[in-house]
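Undergrad: Provide a 3D model corresponding to the input given below.
(chains A and B)
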Amino acid sequence: MSAVPPLAGSNRRFMSGNEAVARGAWEAGCNLAAAYPGTPATEILEFAAHYPEMYTEWSVNEKVSLEVAIGASLAGSRALCAMKHVGLNVASDALMSQTLAGVGAGLVIAVADDVGLSSSQNEQDSRFWGRFAHVPLLEPADAQEAYEYTQRAFELSESFNTPVILRLTTRICHVKGVVSFDERSETSRAEGFVKDPGRLIMTPNVAKKRLPLMFEREAEIQRYSESSELNQIMAGSDRRVGFVTSGPTYMHVREAFPDAPLIKLGLSYPVPVDKIRELAGQVDRLVVVEEVEPLLETELKAAGIALLGKEILPRIGELSPNVLRPAIARLLGEALPETAEPVRAPIEIKPPAPRIDPATGANVFPRPPTMCVACPHLGIYYCLSKIRNTTISGDIGCYTLGAGHPWNALDTTICMGASMGIAHGLDKGRVEADRDKKIIAVIGDSTFMHMGMQGLLDITYNKGNVTILLLDNRAVGMTGGQDNPASGRDIHGNEAMKVDFRKLCEALGVKPERIHEVNPYELPTLFTALRDEVKIPEPSVIITNQPCVLIDYYGAQPALTVDDAKCTGCGNCLDIGCPAILVTRRETVVKPNGSEKELAFVKIESGACTGCNLCPKTCGPDAILPLADYIRQ
Amino acid sequence: MSENKITNILVAGIGGQGVMTAAEILSQTALSQGFDVKKTEVAGMAQRGGVVTSHVRFGTRVLSPAIPPGEADILVGFEPAEALRWISHLRPSGVAMINTTRQEPPVVSLGLYDYPQDPIGEIAATGIEYHAFDAGAIARELGNFKLVNTVMLGAISALLPFPAEALKNEILDRFRGRKPTLVEINDKAFELGRQASL
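TA: Numbers count the residues shown, from 1 in each chain, chains lettered A, B, ... in the order given. This is a model prediction of the structure:
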């Protein structure tokens, strides 16, 4: 079997697309990188922070990260900001005007789409932003290209005086491949910030003058797109179907149809229409393979090029080879392709096997993500699930999992920070049937600072009546425990200011007596605070103050266990929802009044338990005790 | 390109079991053997007890990073129900290596779903070649549950297109620098895995 040369020397490494973007930015002389964490783009900044030549920061939200990057660009430093797809919705206000102003030194926005929805609330297509903001959009197809295109993006930004979008997807960010890399070159501008009010102060008059320049720029990049080697026609011997590809779909098409002619778009916006027309003339049929929206398809059809797209390919999810092969086989009227199998001598004669269809898979219980063992949110959702007559407005973070079993204690989740405004609307818009409903909002520390606190200000200003649970676990939990202004540490783990949520909420207009700081493992205190505050018709905030169990602020305690002799099978502890509590057996008993009761006897997985001591508070017969005490007995 | 034989390995388990580490070690070994490699991770919320899979593909040149359903050569199942969940990802000539230690999720504990009565039996009924053994018990006997990872890698070492020693060295090298005290026990875990799969 032939193989590529081994990893000789030090300039080739196995790295993810995210690491490759950070490396590419560093080599391009980038001086500043800013981001708010978001899957699948989080690691771009984590890797960037390893390069001391670049200033890096966790910004409080994506809009701020883009604004910081704009400032650095105007100051003469190449700058990068990185975000997940929904982050650009937040940052778009800055983008839509900065595109008129242009840049100083190169300005690159790396935005990662979650095609296939592994960890997001929607599957929006960030390629739209290229069209909407009239900026060029680069789409790398693997980690090597993520590295190269990041550098190209800085060059294009300066050549054309425009922000540049580097569009990534989960399959670029979270796929490792071999990357050949180089060294850093210093590229910061000598002259620093240049005053230019006719360009940088975006009043209507300035904007009117900048608009035609923006469209000229777009036309110029369009011509570049037609001639650039970033967009390449690749010849092929099987001309029955040709393909238009960009980003990861290039790899999928190449694998599924190695002999098909295709165009690979590295600079996918502005679209090189003439080049694609040229390919169309060389093949019997042209198919556009683009994940999510039919953008290229619509634009190319409008240009009069006959082609197929979403008529034969799905609009949802990844267009991997197993999706493409049958679609193209149907188009050609061929039998569906079978997996090529090497001939293998049968060892024994077996009855016809009930082969499980790969398309549907085996019927196995779902294993949804759940809260961690000892998570400080467990007690909060336990309490929320016990309070009646509530509508609970949730937010984006680990605590979204409170919508699941056993708590079922969330009623809405839309986007970052929305819990506040939605709760306020649920309150102000209530009809007679909901007159006595208690409106609760649940939000994490990082989400509160990202977009939530403006919503709280709106509640207090407009005399709303919402009880807010502010779950401060001193980390951005869901993305892996990144630091933020509530953790007291910066991106490098160095000491930083630590926001005082009590003072902040007070400053936002919540009365001091309506703010409570509670340890969420103290169930009775937490429950009482919650039960009392929902009754009071004004805004209140309950701040919980224990750290995420996955960060170093958390101190594990000795494990607990269940004394079988004492466990009555009441199942109360299961309502906590801790994954370390497992059912050992179930029994149905008939009570004296004739009704049936289901009992569930439990054990605690002592290897996983970190002794948070929450479950003993739900145990009537005191059957839960430290493992060490149990062994001593 | 016709000579480009790609080896597809699907590693499947639950967040926290070491699925990603096993896939990384396989990838690094394949790289050291001169292959082009791609490794992808489908684990949006890996730390939250959900299903975790990692696709490792290596050959002369690897294009698409994901293993298409029905085309995996080896399935490394860190948990029996997870092995059953992913068994259809194997090609008919593929091999499944399965740790029989069960891990029930909260939805099963709460009585909302049943754990399959006999996941290994269901896998056997498909006619796919498989080896099932209690890698968890081996790791526990060695005194560290995290060794399941090394045990499973030892178990598949005979199925790979490179020497088992290369894989073992890749594992042991990781410990030689940082935690030399763990070299010997990982060596043992690897060998016990290798024997258990025979």
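
Undergrad: give me the beta-bridge partners of the residue of the stretch 501-633 of chain A found nearest chain B?
TA: Residue nearest to chain B within the stretch 501-633 of chain A: A:Val583 (4.7 Å; Cβ to the nearest Cβ). In short, each C-beta sits where N, CA and C put it, glycine included. Going by DSSP bridges, A:Val583 is paired in beta bridges with A:Val602.

Undergrad: indicate the residue of the stretch 1-150 of chain A located nearest to chain B.
TA: For the stretch 1-150 of chain A, Cβ to the nearest Cβ, closest residue to chain B: A:Ser119, 2.8 Å.

Undergrad: which SS class is that residue?
TA: Look at A:Ser119: counting by DSSP: H, G, I helix; E, B strand; the rest coil, its state is coil.

Undergrad: burial count for it?
TA: 20 (other Cβ atoms under 10 Å in any protein chain shown).

Undergrad: quick one: it and A:Pro40 touch, right?
TA: Yes. A:Ser119 lies in contact with A:Pro40 (Cβ atoms under 8 Å); the separation is 7.2 Å.

Undergrad: tell me how far the residue sitting nearest the centre point of chain B lies from B:Trp86.
TA: Nearest to the mean C-alpha position of chain B, by Cα atoms, centre = their mean, lies B:Val76 at 3.0 Å. With the distance defined as Cβ to Cβ, to the nearest Å, B:Val76 ends up 10 Å from B:Trp86.

Undergrad: overlap in contacts, those two.
TA: Common contacts of B:Val76 and B:Trp86, defined by Cβ atoms under 8 Å, 6 or more residues apart in numbering or on different chains, comprise B:10, B:12.

Undergrad: only alpha carbons, please: show the helix or strand of chain B with the lowest mean pLDDT as CSV.
TA: One helix or strand of chain B scores below all others by mean pLDDT, DSSP states H and E: helix B:106-109, with a mean of 84. C-alpha atoms of helix B:106-109 as CSV (Å, rounded to 0.1, in the frame of the first residue of the first chain):
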residue,chain,number,x,y,z
PRO,B,106,-30.8,8.6,33.1
VAL,B,107,-33.7,8.0,30.6
VAL,B,108,-33.4,4.3,31.4
SER,B,109,-33.0,4.9,35.1
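
Undergrad: centre of the chain to whatever helix or strand comes next after that helix, how far?
TA: Going down the chain from helix B:106-109, the next helix or strand is helix B:119-125, by DSSP states H and E. Its chain's average C-alpha position is 18 Å from that of helix B:119-125, according to Cα atoms, centre = their mean, to the nearest Å.

Undergrad: strands of chain B, residue ranges please.
TA: Listed in chain order, the strands of chain B (DSSP state E) span B:7-14, B:36-42, B:51-59, B:72-77, B:90-99, B:129-133.

Undergrad: for residue 12, name its beta-bridge partners.
TA: Looking at chain A here, since you left the chain open. A:Ser180.

Undergrad: hm, I was asking about chain B
TA: B:Thr53, B:Gly77.

Undergrad: quick check, it in contact with B:Thr53.
TA: Yes. Using Cβ under 8 Å, B:Ala12 is in contact with B:Thr53, at 4.7 Å.

Undergrad: for the stretch 351-500 of chain A, what lies in contact range of chain B?
TA: The stretch 351-500 of chain A comes close to chain B at residues A:353-362, A:364-372, A:398, A:401, A:405-406, A:478, A:480, as judged by Cβ under 8 Å from any Cβ of the partner chain.

Undergrad: please redo it, this time with the cut-off set to 10 Å
TA: Applying Cβ under 10 Å from any Cβ of the partner chain, we find that the stretch 351-500 of chain A lies next to chain B at A:351-373, A:375, A:398, A:401, A:404-406, A:477-481.
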